[in-house]
Every structure is written in C-alpha cells, then in structure tokens.
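Visitor: Dropping a prediction and its sequence here:
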Amino acid sequence: MEMKRNILLNPGPATTTDSVKLAQIVPDICPREEEFSSLMKGLREDLVKIVHGDLDTYTSVLFCGSGTINIDVCLNSLLPEGKKILIVNNGAYSSRAAQVCESYHLPFINLCFPYDQLPDLAKIEETLKANPDIFLLYTTHNETGTGILNPIREIGALAHKYQSIFVVDTTSTYAMLPIHIEEDNIDFCMSSAQKGLMAMAGLSFIVGKTKWIEKSKDFPTRSYYCNLFQQYDYFEKTGEMHFTPPVQTIYAAIQAVKEYWEEGEEGKWERHLRTFHAIHKGLEELGFQNIIRREWQAGLVVCVQYPKDQNWDFQKIHDYCYQKGFTIYPGKIDGMDTFRLCALGAIDEKDIFQFFKILREALERYKIPIPVSY
Ligand SMILES: *Cc1c(COP(=O)(O)O)cnc(C)c1O
C-alpha cells in the first residue's frame, strides 16, 4: 500500500510510521476476549516502563479519549473532601486544568505566571505554606502553547515537602524528553497516544502511584465515566476497560511502543532535538523570532511571532505549505499572534530542511521580503 507522507509540524497528532498506521488493520475482535485483555496488560506495563516506573509502585490506566480526558480524570478523581488544588500556571494547558476545576466546582488556587517566564519557586512555596489544605499540586511539563519547559523536579519536591501529591501534564514530553517518574518527584503524569508515542488519537493514559489510586476510592466521585479509581479497579479485576476500548487504536499503540523500544529513549530524544535544532536554524535564516528564551525551551515546540509585514497572512502561508504536505499551526497565546513548529512525530532534520525550502517559496510567492521584519 502506497501512503502519502505528510509532515505534521503541529503539536500533535504527530506524523506516524506506515507500520503504526497499518497495525490497525487486524481481524475483528471482541475486546472482552482474553486475547485482547492480555494485549492491554502488556501495553499498561510498557507505559509505566517508558517513564522508568517500578511496577510495584506505579501503574497505568487507559482511557478512550483525547489527552484532555487525563486532566479531567486526575483533577476530579484525586481530591479528597475539604481539600484544595494548587495549579502552577504559565500557559494554555494549565489554564485548561483551571477550567476543569471550575467545571467540577473544585476548590483551587490558580497561581499564574507570565506565559514566557518560568514559575517562581519561592511563590509556590509561599502559597503551599499559607494553604495547608492544598492536597494536589498540578502543573504542565512542556507548555505546548509556547514550548517552555517547567522545572517539574523542583516543583515536585516542594509539593512533597508540604505533603501534597504532584500531578504533571506530560502530554507533550512523554516518550520524547526522558522522564524518570520517581526522581522527577511525580505522583501522576499523563499522555495521549498521538503525541510522543507517535500512534493514533483516541487513546490516553495516566501513569501514577497505585497507592494513591487505591486511596482515592474514598474520595468524592464527581464523574461516572471519567473516574480514575473505577477505571483502574475494573482493569485490575477483569483486565478490561470499563467500557468499549478504542480497539484498533490500541493495536497501533502497541506497534508504536515496539518501535519506541527499537529506537531507544536516547536515540529518539536525540532525533527530536536534531529536528528542533533544524527548526531553529531554518527560522534564523529567514529572520523569524521566537518568543521564549532558547535555554528555557523544552526542545519540542518553537513558538514564532508573526513578522510585521503588510503581506504576512498566516492562512495563505499555511495553505501553501499544506498543499506541499507540510502542516503548520497557529499559536495559543491570548493577545499575541504566533504560530508553532513542532519536532514531535516520526520526522527528522531532513524533513525540516525540505520544509524550509517550501516556506521560503511561500514567502517569495506572497512578496514577503527575506529576512522577515519586526
Ligand atoms: C496535546 C496536549 C493535551 C491534550 O490535548 P487534546 O486536544 O485533548 O488531545 C494536553 N496537554 C498538553 C500539554 C498537550 O500538549
């Protein structure tokens, strides 16, 4: 089968290999069969191992949904009665967590920092000290809207110093930037199959401490479908997802994990970094400016400011590139016009070199002088 290869520079879903795409084409199977639950058991263990978790301490729980389901599940399931959540917020994805708290009417503190700055650890500590009822500290690892990398190990240490559990949205770093769940002081992290794993959208998962999931049995149940303990408990008792799993998507994820081990944690991260450096080089050559200090960037997302040129029209540039097989993506920062180029997925620096040839053509086509101006 000949499949057109598109280069996705958007922040997920990412470009996948043909072998992952084709892994979805399997004989029909009822997911309640033993054969299927044993596949899921292996996958759940691999998902813990990818972040170097010890299977005696950590487990993973699968959900059918996009990555946001993990944020929803963690926040609504892991808060005891009378306790509070602290969100360390410097971007769009932590703001999404704040919206989840609002939707469930959960008591929370939204500790906001500028989107282009690292969170201030002293302020976090002050807040924890002043609010002994904080039970859950939440933040985002790589703020995918800007590409800034938050210091989770340090934030997690503060959480633990004040007897709080630490939940991190690692959706856009998991299976890319190496994570050591224990050393990084993480109690719960999360991702979605279409990002770092380079598999298909529709399967998401939470990796976390079994002890806390079991304790959360006695916490208030705020959702029927999106409850962490119930999904975990069903898996433990039956080996199955509570409700219908995304069957074919799981086959693709299993193939993707196999390819992950083949490429290796280090090799894969080096490839993403190489791709990221190629993005920076291409942008510099055309005069584009990015908005986050380079040394604070995770190495996966570059957020680029629109040039100040009367002929600049993002949609036109996008459409030109899209027709040639390259997808670029608008930004996610309130009040600032940006677009993003991401190093996720089954791509390498040569794809980026090719992309910049096309981007240059697009700029010339629309009479935007190079280097672009600000
Ligand atoms: C992609 C992403 C999510 C999930 O977004 P969905 O659109 O629900 O898949 C959550 N957090 C971060 C940091 C992400 O990059």
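Guide: The structure has been received and is ready for your questions. Numbering: from 1, shown residues only.

Visitor: tell me what the helix or strand where residue 213 lies is packed against?
Guide: Element membership of residue 213, judged by DSSP states H and E, is helix 210-215. In terms of contacts (3 or more CB pairs under 8 Å, 6 or more residues apart in numbering; DSSP states H and E), helix 210-215 is packed against strand 58-64, helix 228-238. Every C-beta, even on glycine, is put in place using the N, C-alpha and C of the backbone.

Visitor: How about the protein: which residue is closest to the ligand?
Guide: residue 67 (2.6 Å; CB to the nearest ligand atom).

Visitor: Please tell me how far that residue sits from residue 147.
Guide: In this structure, residue 67 and residue 147 are 17 Å apart, going by CB to CB, to the nearest Å.

Visitor: the more surrounded of those two?
Guide: residue 147 (28 against 25; other CB atoms under 10 Å).

Visitor: Which parts of the stretch 251-374 of the chain are helices?
Guide: Here the stretch 251-374 of the chain has its helices, by DSSP state H, counting those that start in this stretch, at 265-286, 314-323, 349-365.

Visitor: Would you reformat those as JSON lines and include mean neighbour count?
Guide: Shown next, in JSON lines, are the helices of the stretch 251-374 of the chain (neighbours: other CB atoms under 10 Å):
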{"stretch": "helix 265-286", "mean neighbour count": "17"}
{"stretch": "helix 314-323", "mean neighbour count": "15"}
{"stretch": "helix 349-365", "mean neighbour count": "17"}
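
Visitor: Which one, of these, ends up nearest to residue 337?
Guide: Among the helices of the stretch 251-374 of the chain, the nearest to residue 337 by CB to CB is helix 314-323 (7.6 Å).

Visitor: and that closest one, what does it pack onto?
Guide: By 3+ CB pairs under 8 Å, 6+ apart, helix 314-323 packs against helix 349-365.

Visitor: Centre of the chain to the helix it packs on, how far?
Guide: Computed by CA atoms, centre = their mean, to the nearest Å, the chain-centroid distance of helix 349-365 equals 26 Å.

Visitor: average pLDDT across that helix?
Guide: Confidence over helix 349-365 (mean pLDDT, whole number) is 98.

Visitor: got the angle for that helix vs helix 265-286?
Guide: 20 degrees (axes from the mean of the first three to the mean of the last three CA atoms, to 10 degrees).

Visitor: List of residues touching helix 349-365?
Guide: Residues outside helix 349-365 that contact it (CB atoms under 8 Å, 6 or more residues apart in numbering): 7, 9, 274-275, 277-279, 282, 285-286, 316-317, 320-321, 324, 326, 370, 372.

Visitor: follow-up on the earlier one: so what touches the helix holding residue 213?
Guide: For helix 210-215, contacts defined as CB under 8 Å, 6+ apart pick out 57-59, 61, 78, 165, 187-188, 228-229, 232.

Visitor: The residue of the chain closest to the ligand: what's its closest spatial neighbour, skipping adjacent residues?
Guide: Nearest non-adjacent residue to residue 67, counting by CB to CB, 6 or more residues apart in numbering: residue 192, 3.5 Å away.
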